[in-house]
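# structure of the sequence below:
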Amino acid sequence: MAFRSREIYKKIARKVGASVPPEVMDSVKKLIPNSKVVMGRAKRGIFAGRHIQFGNKVSEDGGNKSRRTWKPNVQEKRLFSYIHDRHIRVKVTTHALRCIDKAGGIDEYLLKTPYHKMETELGLAWKARIEKMYEELGKMEVGFFSPEEEAKIEKGFEEIAAAKKEFRREARKAMVKQRQMEGGGA
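Below is the predicted model:
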């Protein structure tokens, strides 16, 4: 494991916590990119493979060439995570935003993107957190009501609906009576 990969793995393990099963962390270790060089600010956001590009600026008249760079279009956004039930403030490229929209949200994007394509430490950390939350949600038991309790709840809703209906009927009768008194007295 290269130095950079080892550092990324340590950061992910620190951010996610020690409660992750060892087999999950072993699979994370295997999937981390092995020695990819990533530009500095891409480590702090989700850039979806976009990096600084290099090329030439060509003058119109003489065709003279001078070196220049094109930087990715980075925006700071608040994206809502349904699993964490809160907003995540993150720097993303516009390409990554389109990918997130297409996937159906930040949670789905992070889950669908494989580890070897996730180049940034922030993305890897959030991906590991979301997988951990999914695992915890999968272990939770879903409780259903027994048929007797369901019938009792349904009866309660029906009683509330009947009470509302009766209240509306009484209110209409009172309004009609009040209009008759106003019309007859004038």
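# mind jotting down where the strands sit in the protein?
All strands of the chain, identified by DSSP state E, fall at 45-46, 53-58, 65-70, 74-81, 86-93.
# rank these by pLDDT, which is bottom?
For those, mean pLDDT drops lowest on strand 45-46, to a mean of 84.
# what is that strand packed up against?
Contacts defined by 3 or more Cβ pairs under 8 Å, 6 or more residues apart in numbering; DSSP states H and E place strand 45-46 against strand 86-93, helix 121-139. All C-beta atoms are positioned from the backbone trio N, CA, C, and that covers glycine.
# how about residues contacting the shortest one?
Read it as strand 86-93. Residues outside strand 86-93 that contact it (Cβ atoms under 8 Å, 6 or more residues apart in numbering) are 41, 44-48, 50, 72-81, 100, 106, 122, 126.
# next, the angle from that strand to helix 121-139.
Calculated by axes from the mean of the first three to the mean of the last three Cα atoms, to 10 degrees, strand 86-93 forms an angle of 150 degrees with helix 121-139.
# and strand 86-93, how far out from the chain's middle?
9 Å (Cα atoms, centre = their mean, to the nearest Å).
# neighbouring strands - and their directions - for that strand?
Strand 86-93 has the following sheet partners, assigned by DSSP bridges: strand 45-46 (parallel), strand 74-81 (antiparallel).
# which stretches of the chain have low pLDDT?
1-6, 8-9, 17-20, 28-43, 142, 185-186 (pLDDT under 70).
# longest helix anywhere in it?
In the chain, taking DSSP state H as the definition, the longest helix is helix 147-185.
# which neighbouring elements make contact with it?
Secondary elements touching helix 147-185 (3+ Cβ pairs under 8 Å, 6+ apart): none.
# using TSV, lay out the strands paired with strand 86-93 together with distance to Pro147 and mean neighbour count.
Below are these laid out as TSV (distance: least, Cβ to Cβ, whole Å; neighbours: other Cβ atoms under 10 Å):
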stretch	distance to Pro147	mean neighbour count
strand 45-46	47	26
strand 74-81	36	14
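# who wins for proximity to Arg68 among these?
strand 74-81 (17.9 Å; Cβ to Cβ).
# circling back to that earlier point, just put the helices and strands packed on strand 45-46 in JSON lines and tack on distance to Val176 and mean neighbour count.
Output for the helices and strands packed on strand 45-46, formatted as JSON lines (distance: least, Cβ to Cβ, whole Å; neighbours: other Cβ under 10 Å):
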{"stretch": "strand 86-93", "distance to Val176": "51", "mean neighbour count": "16"}
{"stretch": "helix 121-139", "distance to Val176": "55", "mean neighbour count": "17"}
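# will you turn those into JSON lines that also has distance to Pro147?
Converted to JSON lines, these look like this (distance: least, Cβ to Cβ, whole Å):
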{"stretch": "strand 86-93", "distance to Pro147": "37"}
{"stretch": "helix 121-139", "distance to Pro147": "27"}
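# brilliant, that's me finished.
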